[in-house]
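In: next one to model:
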Amino acid sequence: MAARSSWKGSLKLSLVTIPVRAYPATNPGSDVSFHQLHRKCHTRIQLKKWCPHCHEEVGKDDIVKGYESSKGQYVIVEEEEIARLRPKSSGLVDVSHVVDAAAVDPIFIERAYYLAPDGKAAGPAFAVVRAGLDGRAAIGRVALHGREYLVAVTPRESALILYTLRTAGEVRDMDDVEELSSAAKARPEEVKLARQILDSFESTADLSTFVDNYEVALKQMLRTKGTKAVSEPEAPAKPARVVNLMDALRQSLERVSAGKKPPAVARPKATTSHAARPAGKHVERRSRRAS
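Out: Numbers count the residues shown, from 1 in each chain. Okay, here's the model as predicted:
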């Protein structure tokens, strides 16, 4: 499967600028990931943001960043304020120093990327710089994804390797480990014997042949259990809107009563006696009232 570049930019060495593409040189430690499920029904668990003071779930728009300046005291910072400070991504690896490759202490290395020329036109200049760096490392900076990285570029076969480096402030001092400062001194005769034992382990071991036995066993277990995979239950239907029963009954009664209410009938004049009313109309009115 062909590798896909994670970013493209330029390698700048004085007046020479070479278009390059960067490819991750390593894979994640494990490509097996798990989700949290409810043991009872195998439904995926939701992680909600909760405010213990207000006793309510908090939405994304109601969350701000806070820097704890002292115990329980926070400096509130908005995302816009942080965004204004972030360096704009340029993709330009600006070389400022060239040092011996051995000067790059592995403890500073964070991630590794393969650099390749971006297009055939960049090939010759790329090859010249790669050959010129033999045994050395070019140190520079690059702004990517809103961060500025210290980087080291070294040659490796047909490629250049770009290492993103940690700063000195990110590396802990060994003096902070008390047990190391009080370590006992080794006696010469013991060192001689230890070297003899270590010499017996010397070999031409190929590190590429080593595998993660736990990862292999984990994948095998998942393949075996794959035939017994469980399904997440369907989401329950949303409950119908609850209506107050008494209100619903009253409204229903009013509608029924309104539909059966007789039309208004003109009352006879007061001078007309009860005996003078036509019998038909009297019967009709009584029949309507009875209905």
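
In: so what's Met67 scoring on pLDDT?
Out: Quick fix: residue 67 is Tyr, not Met. pLDDT, Tyr67: 91.

In: equivalent analysis for the one 3 residues further on, please.
Out: Listed pLDDT for Ser70 reads 90.

In: okay, now it: neighbour count?
Out: Counted by other CB atoms under 10 Å, the residues lying close to Ser70 total 7. All C-beta spots, glycine's among them, are computed from the backbone N, C-alpha and C.

In: any idea what it is bridged to?
Out: In this entry, Ser70 is beta-bridged to Gln73, by DSSP bridges.

In: same question for Ala116.
Out: Beta-bridge pairing of Ala116 under DSSP bridges involves Arg21.

In: for it, list the residues it contacts.
Out: Counting by CB atoms under 8 Å, 6 or more residues apart in numbering, Ala116 makes contact with Ser5, Val20, Arg21, Tyr23, Phe126, Ala159.

In: show me which of those are buried.
Out: Buried by 16 or more other CB atoms under 10 Å: Val20, Arg21, Tyr23, Phe126, Ala159, out of the contacts of Ala116.

In: in a strand, the third one, correct?
Out: The one in question is Tyr23. Yes. Counting by DSSP: H, G, I helix; E, B strand; the rest coil, Tyr23 is found in a strand.

In: and it, how far is that from Ser10?
Out: Applying CB to CB, to the nearest Å, the value for Tyr23 to Ser10 is 16 Å.

In: can you check the first one too?
Out: Val20 sits 6 Å away from Ser10 when distances are taken as CB to CB.

In: got any residues that touch both of these two?
Out: Each of Val93 lies in contact with both Val20 and Ser10 under the rule CB under 8 Å, 6+ apart.

In: contacts for the helix or strand where His97 lies, please.
Out: Element membership of His97, judged by DSSP states H and E, is strand 92-100. Residues from elsewhere that reach strand 92-100 (CB under 8 Å, 6+ apart): 9-14, 20, 133, 135-143, 151, 153, 162.

In: do that again at 6 Å, thanks
Out: Residues from elsewhere that reach strand 92-100 (CB atoms under 6 Å, 6 or more residues apart in numbering): Gly9, Ser10, Leu11, Lys12, Leu13, Arg136, Ala137, Ala138, Ile139, Gly140, Arg141, Val142.
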